[in-house]
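Turn this into a model:
(2 chains)
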Amino acid sequence: MAESSYQSIRYEVADAVATITLDRPESLNALNSAMRGELRAGLKVAARDDAVRAVVLTGAGRGFCSGADLRGGSPEREFRRVLTDEYNPLMRAIRDLPKPVIAAVNGVAAGAGVSLALACDLIFAGEEARFIPAFVRIGLVPDSGSTRTLVRTLGRHRAAELIFGGNPLSAAEAHAAGLVARVVPADQLMDAVQAEARRLAAAPTKAIGYAKRLINHAEDASLDESLSLEAGLQELAGRTDDHAEGVAAFAEKREPRFVGH
Amino acid sequence: MSDDVFILVERDEARRVALLRLNRPKQLNALNAQVMDQLCEALEALDADDAIRCLVVTGNERAFAAGADIGEMAVASPIDMLRGNRIAQWDRVRRISKPVIAAVNGWCLGGGCELAMALDLIVAGEGARFGQPEINIGVIPGAGGTQRLTRAIGKSRAMEMVLTGEPVDAAEALRLGLVARVVPDELVVEDALALAAKIATKSPLALRLAKESVNAAYELALTDGLAHERKLFYLLFASDDQKEGMAAFLEKRAPDFKGR
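Numbering: from 1, shown residues only, chains lettered A, B, ... in the order given. All right, here's what the predicted structure looks like:
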């Protein structure tokens, strides 16, 4: 893939970690149509490339992502079409990517930027990070899946306070609420995220992918459905080389070397 | 006509099941006259094969079957369609007396969906998509789609699918009752074969009449259907398998059905 073909994101692979950086710092990485397209394309490459075993999503400059690009007036006259065709598939792509995806929230995450962070599996936040679902402030409602995730992670009443335009959620508050896995001083954020991503990239990738499917499924499933899918995916996980390696390493009292299949 | 082999058959005599794979991958298993002809021949041969008691039909990872061969039909006249009469092939599928499971991954559209519905039950992968998109190319389902889909999921949802051509995913197909179960894509064939193997432990005579009786529910008024079922039930008391099945139950052992 020609990495240089991206205009509004950067896509870099190192140590089996694909780092996707939203790269329009002058607008705090506001999402325009081009960026949404490139993000979907980058996520697709990361999903298909066997050499990629973990993904990091972050923003260039001071912010993570300020949401939809509002400059030049209301950007999207056809809200439903743009959400259905562009935003929703983006959130789906992150959820369906069979590898761990870490959001490195380096600054403000607002509007759809909150949705983007929440769609990731783990969120690491810099101390200055703020989560601002600013939709109602401009007369809109939360979208791109943020309603569901906020209700489930914060609980209905705290979610309502935040969504109705209450104080933004600080990194510390988001951590206390269980949204954020770790809060790190801003200058150490990317090192901490890359260390965690490399650790996950060396883990049994198939098992993590199957576990992610189970986690996605468990949000909607009954106990019986969940038990049944666990049994099916355990059958598949049990056939991977990484499972054999994990068991062998345990028996031989050594560190496992997982290959990702 | 070419010599292409469009149906690959694997027999498993130990479990008394057979797997038929649609094998026209470049066309996403589009069902042309030759594919259907070979499928019917293979199904009929296995139907007559006493070593096999239950069948599974599958496609590949991308598609069970993505419809009929539009290239073949695009320039056809009504008389071509009538004379070719390829839809008559589909009656041969319906006459198979052994249970046939459709194991569906990926696209199951148009003729593919009609084929899956013409079989006895569907096991679907999570990524399977079912639809009748014929309306998009100016025709309607022609091999049972409007009839079987309506019977399977009811009028309003069938109308929605047939009038818009939009497919439904596996989870929705399960809610609608179109499929019997949804499993991870990678386990579809394996689970369908395991289900077939479980079915194959039953009496082949009872299976045959059970299938006939369930299918009769689509054909007969309730009073006639109940009378029909009752006669088939009584008929089985003439079989060795009924004696064996009930004896094994009373003796708390597994039955050994011979199909007599």
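
Contacts only, for residue A:133.
Taking CB atoms under 8 Å, 6 or more residues apart in numbering or on different chains as the criterion, residue A:133 is in contact with A:110-111, A:114, A:142, A:146, A:150, A:162-163. C-betas here are computed from N, CA, C, even on glycine.

Apply 6 Å and report the result again.
Shown in contact with residue A:133 (CB atoms under 6 Å, 6 or more residues apart in numbering or on different chains): A:114, A:142, A:146, A:162-163.

Using a markdown table, please lay out the residues you listed together with pLDDT.
Shown next, in a markdown table, are the contacts of residue A:133 (pLDDT from 0 to 100):
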| residue | pLDDT |
| --- | --- |
| A:114 | 95 |
| A:142 | 94 |
| A:146 | 92 |
| A:162 | 93 |
| A:163 | 94 |
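
Could you look up the SS state of residue A:102?
Secondary structure for residue A:102, judged by DSSP: H, G, I helix; E, B strand; the rest coil, is strand.

buried stuff in stretch A:145-155?
Across stretch A:145-155, burial judged by 16 or more other CB atoms under 10 Å in any protein chain shown covers A:145-147, A:149-151, A:154.

Do you know the pLDDT at residue A:75?
Here, the pLDDT recorded for residue A:75 equals 54.

low-scoring pLDDT stretches of the stretch 151-261 of chain A, where are they?
Across the stretch 151-261 of chain A, nothing is flagged by pLDDT under 70.

quick one: the strands in it?
Counting by DSSP state E, counting those that start in this stretch, the stretch 151-261 of chain A has these strands, from start to end: A:169-170, A:182-184.

Need the winner for burial among the ones you listed.
Mean neighbour count (mean count of other CB atoms under 10 Å in any protein chain shown) peaks for strand A:169-170 among these, with a mean of 22.

Name the surrounding residues that touch that one.
So strand A:169-170 is in contact with residue A:131, going by CB under 6 Å, 6+ apart.

In the sheet, which strands lie alongside that strand, parallel or antiparallel?
Using DSSP bridges, strand A:169-170 pairs in its sheet with strand A:130-132 (antiparallel).

re earlier: what is the nearest of the contacts of residue A:133 to chain B?
Distances from chain B to the contacts of residue A:133, taken as CB to the nearest CB, are shortest for residue A:146 (22.6 Å).

Of all residues in chain A, which one is closest to chain B?
Nearest to chain B in chain A, going by CB to the nearest CB, is residue A:232, at a distance of 4.8 Å.

Distance check, the closest residue to chain A within chain B against residue B:127.
Nearest residue of chain B to chain A, counting by CB to the nearest CB: residue B:184, 4.8 Å away. According to CB to CB, to the nearest Å, residue B:184 stands 9 Å off from residue B:127.

ok so, going back, go through the buried residues of stretch A:145-155 and name the one nearest residue A:196.
Ranked by distance to residue A:196 (CB to CB), those are led by residue A:149 at 20.7 Å.

in what helix or strand does that closest one lie?
Using DSSP states H and E, residue A:149 sits within helix A:146-154.

for chain B, what spans make up the strands?
Using DSSP state E, the strands assigned to chain B run over residues B:7-12, B:17-22, B:54-58, B:63-66, B:100-104, B:107-109, B:121-125, B:129-131, B:168-169, B:181-183.
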